[in-house]
Structure formats: C-alpha cells, structure tokens
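Peer 1: Build me a model from this:
(chains A and B)
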Amino acid sequence: MNKLFKRFWQIVSKPSVHLSFGFLTIGGFLAGIIFWGGFNTALEVTNTEEFCIGCHEMSENVYVELQETVHWKNSSGVRATCPDCHVPHNWTDKIARKMQASKEVWGAVFGTIDTREKFLDKRGELAQHEWDRFSANNSLECKNCHNYDSMDFEIMSERAQVQMKMAAERDQSCVDCHKGIAHELPEDMESGEGTLAKLEAMATSGYKKGENYYSVRQLPLFTDKSLATEAGQLNAATEVKILEVSGDAIKVEIDTWRKTKGFGRVMFEDFAMNINEGYLTKEVAQSDQYMQKGETKEDNLTGLPWQKVSLELWMHNKSLTESRDTLWTFAKTTYDTSCSVCHTQPAEGHFDSNTWPGMFNGMLSFVNLDGDTQALVLKYLQKHSSDFSDEAH
Amino acid sequence: MANKKTESEQITRISEWKTFLMLTVLLFPILSLFAIGGYGFSVWFLQMFVMGPPGHG
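Peer 2: Sure thing, here's the model as predicted:
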C-alpha cells in the first residue's frame, strides 16, 4: 500500500513525461465542468417532489394533507411543491439544509416516524423546526411567491384587510399567523403533554363541605348522585360551593344568573355580565327541582330580564381548585404567547367583559387553542376587563 | 542506483494516464464532495449552536 502511494506521489509531483501540458489543462478543465454539472443535476434531483415523496413517511402524511389545501389546487393553477417552501434557495443555506437531511436519512433508516401514530406524536416537534426557520427568515420561502406590495387589499374581506395591512407595514413573517396553511396542525399545539393534563395538575383534592372551589376546566354536571343523568356543563374557572361529598361524587351549589328569555340554559357569573358559567340541559333549565329562583332584574342596555338562580347539582369529585390565581397565571401566559403571535394583544382592561367574547372569538381562528383553554382564557380576560380593573380606558 | 533508474523508467504512458484519470474522475470529485459536505455540515452546526436558523436580508 505504502509503495503504491509512493509511486503515485512520484508521478503526481513531477512534470508529466508523456501527457502534454495542454491535454492536462483541458482534461482537468473539462472534468471540472462535468463534475459541477453532475453535482448540480444531482442536487436538483434531490430538490424535486418525486424525491421528497420517495419515502412513505412523506408521501403518506404531509403530501396527502397538502392535497387538501390551496397550495395544491386553486383558481390560478399555480401550485407549490415540497422544496418551494421547505428548501432554502440561497446556496449556502441550501447545502446546509441538504446536510441537515442526514438526520432525515437516519430517521428513515431507523423508522423514527414510520407509522402514522409515530408521525403524529412527533409532528409538534417537527413543525416547530419549520416554524422556527420561517420565523428566522421572515417566511422567505412564502415571499418568493407572495409579496405584500402586490397584494390588492381592496378585494380582501374587511377583516383580512385590517390584519394584512398591519402585517405589510411591518413586513411580518407570514407563518406568524398562517400556521397550518399547507399541512394539518399538531393536535396539541400548546404543549407536548397536553393542556388537559396541565389544567388537571392545578386541581386540588380533599374538598371540604361548605367551602368554595373553582373548576380547572369545563366539567360535566349531573342531576343525581350516581352521575348518570347529565344536567349540563360547568365552565372553566367557575365557583362552586360543596354541599355534600359522597365518594366519587360531590353535590355543589352554583350561584348564578341567567337570562329568562328562551329556555334560560346559559349561566352567567353576574347580573348583566356575559361571563359564562356553563350551561344546563333544557330539562334542568326548565325544572324547578334543582334550583331556587332569586330576584329578577332587567338590564337597561339590552332590555333583557335577568334572574338570579341557585342550583344544586352533582359532579365528579375532582378537577376543582381552591383559588383561581394559578388558573389566571396559566391563562395569562397562554394569552400572551398565543395572541402576541399576530400583533400586540390588547391589554386585558382595554375592553369590558361584554365586549371581550366578540373580540376573542374574532381572533380564535388564528390560534389553535383547545376548548378548555379557550374557555379559561376568555374568562380570564373578562375577569380582568375594564369592569374589574381600576385602570381607566 | 540501479533501483532509481528503474523507478523513473517505470513512469510509462499507461501509468500517467491511470494517474490522470484517477485524479480527475475519482480523487478530486470525492474531495470536492467532502469539501462541500463539510461546508454544509459546518454551516448547519453553526446554525444549531451559534447563529440560529438562517435569517433574512
């Protein structure tokens, strides 16, 4: 071996005896051209959709999902392929991304996401990588096609106009708001382990008779001790008073207000304030068996009659907490992180408790919060709205 | 002495061709790929640990 190297070096280090100077130069030059051409061709091959969906992990998950979206089929007949969005176009970044793909090769070899279940479990993490990338490059790959300057705000819906104009002013990153535009969103975006578990973790146990507690999330209500017949649903962060503890069931008193127009199924925390405390089934709402009716007042603003009622219903002996403070902390963090993604979120005290639901619902379509978190955050906003805050607005 | 003479005599037309092809077809392309790959990896590692994902502008 050593001898072979020695001989090789001997030939390489000396002027050639038989091959002409011109031949060597042209030969090297041509070989260089052929190499670079071949290299680029190979690089381009790895930059095609056929190559991307060569793995079943891609073709059976993200590729199928793409086909449901506007980036697959639309009125203008232009579509985006995988590399359009997922491979940087700048050469250095592209090469770095290609080397990064060694991780994908590893994943393919060892079957990291070779089943739908494994893929779904990992989707949150994988999506976060792409979101981080888009956030760092200001959604460059989107902007290769979409351009704020070429947007005709006039033909957008009014709501879109407001948001898009604000975004255009700041040259905002598209994916800040448009997550899940080409693939399904991770099932539980808030956290890997699930918000439900987080909320449940705030619950205390060993509830005492006569004490007041707050629900950590939306909870089912029942008419009887055996928890067989459903009576409705208690909203998150709603106050209940324990009347009786009986094994897995507890009897609670809910002091609440309702509008007497219609069936009066929805419960509210206070007179003339649309702070939801849950709802009752039609049967329970119309029966006198479970409630004591109190005073009735008319709300001058809406002309609707409100009635104070005190309900006695059963629920599971769990998912309650002594104070709303931990719930509010969680709600505030969620509000701050989820809502500041698109814009500076309005201060809690900026609206009153009856304005917040409309504002909140208007923004919900831009974030992905599960039902429990939505209910909790809305209640947090309402309870910290101008109705309860000293800061004047 | 005699050894030296034979070594230089051994540089034949064939062996120069072999060396030339070996360099242009094998060695340099492989080295280039290593260099590009190494460059890509180093940028990737830098992105991971130092500079974060590629930015804009």
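Peer 1: where does residue A:196 land on pLDDT?
Peer 2: You'll see residue A:196 listed with a pLDDT of 67.
Peer 1: make that residue A:299, sorry
Peer 2: Residue A:299 is assigned a pLDDT of 87 by the prediction.
Peer 1: Likewise for the one 5 residues further on?
Peer 2: Per-residue confidence at residue A:304 stands at 87 (pLDDT).
Peer 1: burial count for it?
Peer 2: A total of 14 residues lie near residue A:304 under the criterion other CB atoms under 10 Å in any protein chain shown. Any C-beta I mention is one placed from the backbone N, CA and C, and that applies to glycine too.
Peer 1: Name the nearest residue to it, sequence neighbours excluded.
Peer 2: Nearest non-adjacent residue to residue A:304, counting by CB to CB, 6 or more residues apart in numbering or on different chains: residue A:259, 5.1 Å away.
Peer 1: and what of residue A:294?
Peer 2: Using CB to CB, 6+ apart and skipping the chain neighbours, the partner closest in space to residue A:294 is residue A:308 (3.5 Å).
Peer 1: Just confirm the one you found is within a strand.
Peer 2: Yes. Checked against DSSP: H, G, I helix; E, B strand; the rest coil, residue A:308 lies within a strand.
Peer 1: For chain B, just list every one of the helices.
Peer 2: Secondary structure of chain B (DSSP state H): helices located at B:2-9, B:13-21, B:28-46.
Peer 1: Out of these, which gets nearest to residue A:326?
Peer 2: Comparing the helices of chain B by their distance to residue A:326 (CB to CB), the top pick is helix B:28-46, with 40.7 Å.
Peer 1: ok, the closest one near chain A or not?
Peer 2: Yes. Helix B:28-46 lies within reach of chain A by CB under 8 Å from any CB of the partner chain, at B:28-29, B:32-33, B:36-37, B:39-41, B:43-44.
Peer 1: Quick check: bridge partners of residue A:245?
Peer 2: residue A:250 (DSSP bridges).
Peer 1: what does stretch A:162-172 rub up against?
Peer 2: The list of residues contacting stretch A:162-172 from outside it, by CB atoms under 8 Å, 6 or more residues apart in numbering or on different chains, reads A:138, A:148, A:151, A:153, A:156, A:174, A:176-177, A:342-343.
Peer 1: Could you export those as JSON lines, including secondary structure and distance to chain B?
Peer 2: Shown next, in JSON lines, are the contacts of stretch A:162-172 (DSSP: H, G, I helix; E, B strand; the rest coil; distance: CB to the nearest CB, whole Å):
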{"residue": "A:138", "secondary structure": "coil", "distance to chain B": "4"}
{"residue": "A:148", "secondary structure": "helix", "distance to chain B": "14"}
{"residue": "A:151", "secondary structure": "coil", "distance to chain B": "19"}
{"residue": "A:153", "secondary structure": "helix", "distance to chain B": "23"}
{"residue": "A:156", "secondary structure": "coil", "distance to chain B": "24"}
{"residue": "A:174", "secondary structure": "helix", "distance to chain B": "12"}
{"residue": "A:176", "secondary structure": "helix", "distance to chain B": "13"}
{"residue": "A:177", "secondary structure": "coil", "distance to chain B": "17"}
{"residue": "A:342", "secondary structure": "coil", "distance to chain B": "19"}
{"residue": "A:343", "secondary structure": "coil", "distance to chain B": "20"}
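Peer 1: And the furthest pair within the residues you listed?
Peer 2: Spanning the widest gap among the contacts of stretch A:162-172 are A:138 and A:156, at 21.1 Å by CB to CB.
Peer 1: I figured the residue nearest to residue A:294 was touching residue A:272, is that so?
Peer 2: No. Assessed by CB atoms under 8 Å, residue A:308 is found out of contact with residue A:272, at 11.6 Å.
Peer 1: so how far is residue A:276 from residue A:202?
Peer 2: Residue A:202 sits 19 Å away from residue A:276, going by CB to CB, to the nearest Å.
Peer 1: more neighbours, residue A:138 and residue A:156?
Peer 2: Remark: of residue A:138 and residue A:156, residue A:138 carries more neighbours, 17 against 14, as counted by other CB under 10 Å.
Peer 1: That one contacts residue A:175, correct?
Peer 2: No. Applying CB under 8 Å as the test, residue A:138 and residue A:175 come out as separate, 9.3 Å apart.
Peer 1: which parts of the stretch 1-150 of chain A sit against chain B?
Peer 2: Residues of the stretch 1-150 of chain A lying close to chain B by CB under 8 Å from any CB are A:7-8, A:10-12, A:14, A:16-19, A:24, A:27-28, A:31, A:35, A:39, A:88, A:90, A:92-93, A:95-100, A:132-133, A:135-138, A:140.
Peer 1: Filter these down to the buried ones and express that as a PyMOL selection.
Peer 2: Remark: buried members of the residues of the stretch 1-150 of chain A next to chain B, expressed as a PyMOL selection using 16 or more other CB atoms under 10 Å in any protein chain shown:
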select buried, chain A and resi 8+11+16+24+27+31+35+88+93+95+96+97+98+99+100+133+135+136+137+138+140
